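Student: Sequence and predicted structure below; questions after.
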Amino acid sequence: MKDYYKILGIEQGASKDDIKKAFRKLAAQYHPDKKTGDESKFKEVSEAYAVLGDEKKRTEYDNYGRAFGGNNAGAGGFDWSNMSGFAQGGAQFDFGDIFENFGDIFGGFGRPRARRGNDISIDLELSLEEAVFGIERVVVLAKNSVCDTCKGSGGEPNTEMTACATCNGQGRLRETRSSMLGSFTTVRECSACLGRGQVPKEKCKQCHGHGVLKKSEEIAIKVPAGIENGEVIRMTGRGEAIQGGQTGDLYIKLHVRAERHIRRNGSDLVRDLSIKLTDALLGATYQVETLDGPIDINVPIGVKQGESLRIKGKGVPTGRGNARGDFLVKIDIALPQKLSRKAQKLVEELREEGI
Ligand SMILES: [Zn+2]
Ligand SMILES: [Zn+2]
């Protein structure tokens, strides 16, 4: 995964201003027109800024940082279309005072615009047992999916392709604008043909030429064993489909329900066991309910208040082979609140024994 903070040479808590300053400095240094230019570095810092300079994207990146980029990093997962959007808007991206000549910055890259469907985030609630042992859950999501009839092309099966009239088959549209900083040209993708330069002669009747349509899809989510509350699973390509682009991702945030008796401590599971005073003194066998069912444990003679008895290998899977943490039984010795006359007499005898 790419560390956007590192790329811009800033701390994670950097302010908006610091981010902007760092970006300006690096962008000016690496701009392809400069002697010190480096197109790939320039793209990298631009990509970092497009994410960190945008509050919403930054929050997403901070939250899902681990999953960000990943498979997409090399395949154009970053949406350059937003970049040209910024450039045209001017206000947010503010290239104006960095480059004397705005020029054809983005057109010059020769990089195909990477269209990408929206990511979807859902929440999934699990019992402690499901989180510990893992489970497969099927969810039904109503989302934009690739049209089965045209396989996403938007054309009737076997229809001919014809040159796009909007862009004269170029796939791109050039726009020259004048501004205070001089005139600059932006190249944007033709929205009529999505940059392909060609459109189907006859539109797909199923999806009306969109290539995608809203439908319910069953998705099997495999939750691995030992997952913790708040962890996020990412399923690449299970988000919303988009015509002529890459399908977005599905993020599943896991919420583990608190159990009344059993709690988790790292790879161990812990539960309290209340025992009688006499059992603490004389030892006894107790049956303990674990996530693996009831297990008998021996309470040794002279067990201490708060002591933990260990049942090996009945805790949370650690992810290394079949290894599991332990199940700890924390002893709570119940002292009698009231003694019968007989019991009192016996305890007094104990006292005489020096106990
Ligand atoms: Zn279709
Ligand atoms: Zn076109």
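Tutor: That came through fine. Numbers count the residues shown, from 1 in each chain. Ligands and ions are numbered 1, 2, ... in the order given.

Student: Residues of the chain that sit close to ligand 2?
Tutor: Taking Cβ under 5 Å from the ion as the contact definition, the chain meets ligand 2 at Cys164, Thr166, Cys167, Cys190, Ala192, Cys193. (Each C-beta comes from the backbone N, C-alpha and C, glycine too.)

Student: Highest neighbour count among the residues you listed?
Tutor: Cys193 (24 neighbours; other Cβ atoms under 10 Å).

Student: Wait, a strand at that residue?
Tutor: No. Read with DSSP: H, G, I helix; E, B strand; the rest coil, Cys193 is coil and lies in no strand.

Student: about what we covered before: between the residues of the chain next to ligand 2, which is nearest Gly154?
Tutor: The closest of those to Gly154 turns out to be Cys193 (Cβ to Cβ; 9.8 Å).

Student: Now do that closest one against Gly354, distance only.
Tutor: Counting by Cβ to Cβ, to the nearest Å, the gap from Cys193 to Gly354 is 96 Å.

Student: What of Cys204?
Tutor: 93 Å.

Student: Comparing these two, which residue is more hemmed in?
Tutor: The neighbour comparison of Cys204 against Gly354 (other Cβ under 10 Å) goes to Cys204, with 22 against 5.

Student: quick one: contacts for the more buried one?
Tutor: The neighbours of Cys204, taking Cβ atoms under 8 Å, 6 or more residues apart in numbering as the test, are Cys147, Thr149, Cys150, Ser153, Gly154, Gly155, Glu156, Pro157, Gly211.

Student: Of the residues you listed, keep whichever come out buried.
Tutor: Neighbour-count burial (16 or more other Cβ atoms under 10 Å) applied to the contacts of Cys204 gives Cys147, Cys150, Ser153, Gly154, Gly155, Glu156, Gly211.

Student: Make TSV out of these and add pLDDT and secondary structure.
Tutor: Compiled in TSV, those are given as follows (pLDDT from 0 to 100; DSSP: H, G, I helix; E, B strand; the rest coil):
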residue	pLDDT	secondary structure
Cys147	93	coil
Cys150	91	coil
Ser153	87	coil
Gly154	91	coil
Gly155	92	strand
Glu156	93	coil
Gly211	91	coil
